[in-house]
Structures are given as structure tokens and as C-alpha cells.
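>>> how would this look folded up:
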Amino acid sequence: MVGSGLRAGGLVLGSLLSGLASGAAQAPAQLNFTGHVEVEGRQAAYLIRHLPVSSFPAMPEALAGLLTRRGCLIPQTYEAHHPENVIQASLERAGSSDWAVLCSAEGRVTLLVYFASAPAALATVASAAETERLQAHDSSGVLGFNWGIDPASPAQIRQAQAGMERRPPLMDHDALADSIVDRRTVYRFYARSAWTVLDVPE
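Take a look at the predicted model:
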């Protein structure tokens, strides 16, 4: 992972440079952030693609309104082939219909959770500068965004814990899979009014 050693060389909201990412040329320029960061003493170019909230029509209207008021765009990983980083899952309890979103605004990305039981609020689970979530991924040397989220069912969590000497009891609702693409996934689980990171083998 490129990690926190990156120093932003200026986040530039501007025109997409032709050929930086497959299929990106059709995207509106204002949805693509380009610039340079310093990595191990040299300057490296990056490209971060985003989608507007309106690209996710299935999300509740109340959630869409909260995200729009925050000025959110939804960052896409460098390997995205369809809209991602907005998920629906039972995150609060079994049977609940909740959402998690990566929101990019003013150079930071925040992992937000929307519980159906509290439709006027968003909970912040994690946050980082966008330029701390970059990594090289092809021969061009252009860095791409590497933070992705997915739902994780109780069965998926059970499988992830298969290598543990003493596996915890089966969960009764979903967790949040919080991933650095192709590197590491942590599982965030909500219970007793708090988020915890579940134990899984390295």
C-alpha cells in the first residue's frame, strides 16, 4: 500500500488526461480528480474517478439528500467496472435495511453508515485523505484509488474466520467488508451501539 507516506502535490479538479484509465474518457471531467503526490522521493501522477449520488437510484431518497447536502461524490476503485462503494446490508441488526457509502468531499473520503432506524443521521466509521488511498496498479505508473466496501454476510464472516483456532459464534447480521484492493480486508461489525473490527486470520 502506498499509505500515509504520500504527500499531496495539490488535488486538481480538472480535465481527464486521455488514456489514464480504461473507459474513463466518457466520464464528465469534473468527476475525475488528477494530480501528483510524492512517493519515495519522486512525483507520481494519480487519477481518482467519481460518480454522482444520482448514479445510485436504489438508495433511499432521504440518504441521497443527506449525501447531496454534504457535497458527496462516490469514489470508484481503479478496478471498477460498474458503480460501486454504495452498499445495502443488514448492518444494525438482523433484518434491518441499512446502507454504507464512501463519500468524497473536499479531498477527504469518509465511510458513512445510514441506519434505517435513524433516517435523519449519518454515522462516520472511518475517514482518510483521498491521496492516502492510492496505489500503483498497471504499467502506466498512474496511481488509482484503492478503497472499496462490500457487504459481508454472517456466512462470509464465518468463512473468513476459518483459520482461527477458536472461531467466534456465528453472527446474526451483516458486517462491512472494508478493503484495500488486492491487499487486505477488515470486517467492521456493529453491535451494542458500537463498531468493532472482527478478528480474522492475517
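
>>> tell me which element the spatially most central residue of the chain is part of?
The centroid of the chain falls nearest to G148 when counting by CA atoms, centre = their mean (3.8 Å). Taking DSSP states H and E as the definition, G148 sits inside strand 147-152.

>>> got any ranges where the chain has weak pLDDT?
1-29 (pLDDT under 70).

>>> could you say what helices and strands the longest helix anywhere in the chain packs with?
Criterion DSSP state H: the longest helix present in the chain is helix 61-69. Counting contacts by 3 or more CB pairs under 8 Å, 6 or more residues apart in numbering; DSSP states H and E, helix 61-69 is packed against strand 98-105, strand 108-114. The way it works is simple: take the backbone N, C-alpha and C, and place the C-beta from them, glycine included.

>>> would you list those in JSON lines and tack on distance to W195?
Formatted as JSON lines, the helices and strands packed on helix 61-69 follow (distance: least, CB to CB, whole Å):
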{"stretch": "strand 98-105", "distance to W195": "11"}
{"stretch": "strand 108-114", "distance to W195": "8"}
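
>>> about what we covered before: helices or strands up against the strand holding G148?
Under the contact criterion of 3+ CB pairs under 8 Å, 6+ apart, strand 147-152 touches strand 86-89, strand 98-105, strand 175-180.

>>> Sheet partners, orientation included, of it?
For strand 147-152, the paired strands and their directions (DSSP bridges) read strand 175-180 (antiparallel).
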